[in-house]
Each structure stands twice: as structure tokens, then as C-alpha cells.
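Undergrad: pasting a predicted model and its sequence here:
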Amino acid sequence: MATTFKFENSFGRILGGAYTSMFRHLGKRMKEQNLPITPEQFSVLSHLWQKDGLPQCELAQCTNRNRANVTRIIDILEREGIVERKDDKTDRRIFRIYLTEKGKSLKQQTAKCAKQSIRNALMGVSKAEVETCTKVLLKIKSNLTE
């Protein structure tokens, strides 16, 4: 007997819901701390905090966003004085994105918010469950990455 697919209880729906809940929770925590960025902007900044001066196209890749979306995020961050675009020294078609002093100064407080948000999300979840979930999610990502 074939089982009926129930979207509302499907793995993908639950996974998407968990992601959305975490994203919203982080946004709420950042707002409470008066941080001038959104979780979407945080995802771009987190890569720049690891390696400043990344090309815009590489930021799109490592954040799993399309170029237009990353361009919009960078436009906002640039307007807020958090990042600046500079021409690549060897290829004029490439823009590199650099943190300003303001952008660098946001790292510690934002990381603190992100860590607290993750702690809140994992309340009541054992270390073994987190490890298993992480393995499963990495396997899913590997299965679907081209």
C-alpha cells in the first residue's frame, strides 16, 4: 500500500522550518543588541571576517546566494559604511569587498549573538544528537552539490 506524501510533515518542510526559525531568532537577538545588520548580511560578513577582500562572486558562492542577491546585500552594507568595494589590482572586471573599521568592529558582538542563538536552538539536544544531525546535513549537502 502506497503512503501519501504529506508536505507539512516532510523532512524538507521541517528542515526549512528549522532554518527559518533559527534565522528569525538570530535577527531578533541582533535587533535586541542594536546591531545594524540582518542575519542575511551577517552571512556575508562572516566570510569577510575570516578573509577580508574576497571577490564579490566568491562571496556569492560561499554564501549559497545568487550574484544579484549578494550585490544587493553589499550595496546596503556599503551604504551603511560597513564594507567598501575596491577594484581588483589585476582584473578590472572584479570587485573585492573589504571591511571598514565599522565592519571589523561588529565581529565580536555579532559572534556573541550568533553563539547565543545557537545555544538557544540546541537546548535539550544532546551532543550525540547534534553530531548525528550534523553528519546527516553534511551528507545531504554532499548528495545535492553539483
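TA: Received, thanks.

Undergrad: buried residues in the lengthiest helix in the chain?
TA: Counting residues, the longest helix found in the chain (DSSP state H) is helix 11-32. Residues of helix 11-32 classed as buried by neighbour count (16 or more other C-beta atoms under 10 Å): 22, 23, 25, 26, 27, 29, 30. The way it works is simple: take the backbone N, C-alpha and C, and place the C-beta from them, glycine included.

Undergrad: name the nearest residue to the last one, ignoring sequence neighbours.
TA: It stands for residue 30. Spatial nearest neighbour of residue 30, excluding adjacent residues (C-beta to C-beta, 6 or more residues apart in numbering): residue 113 at 5.3 Å.

Undergrad: please state the offset of the helix or strand containing that neighbour from the chain centre?
TA: Element membership for residue 113, per DSSP states H and E: helix 107-121. Centre-to-centre, helix 107-121 and its host chain are 13 Å apart (C-alpha atoms, centre = their mean, to the nearest Å).

Undergrad: elements contacting that helix?
TA: Helix 107-121 sits against helix 11-32, helix 39-50, with contacts defined as 3 or more C-beta pairs under 8 Å, 6 or more residues apart in numbering; DSSP states H and E.

Undergrad: show me what the next helix-or-strand element following it is packed up against.
TA: Proceeding N to C from helix 107-121, the next assigned helix or strand is helix 127-144, under DSSP H and E. Applying 3+ C-beta pairs under 8 Å, 6+ apart, we find helix 127-144 packed against no helix or strand.

Undergrad: quick one: mean pLDDT for helix 127-144?
TA: Per-residue pLDDT over helix 127-144 has a mean of 94.

Undergrad: per-residue pLDDT, residue 93?
TA: With respect to pLDDT, residue 93 has a value of 85.
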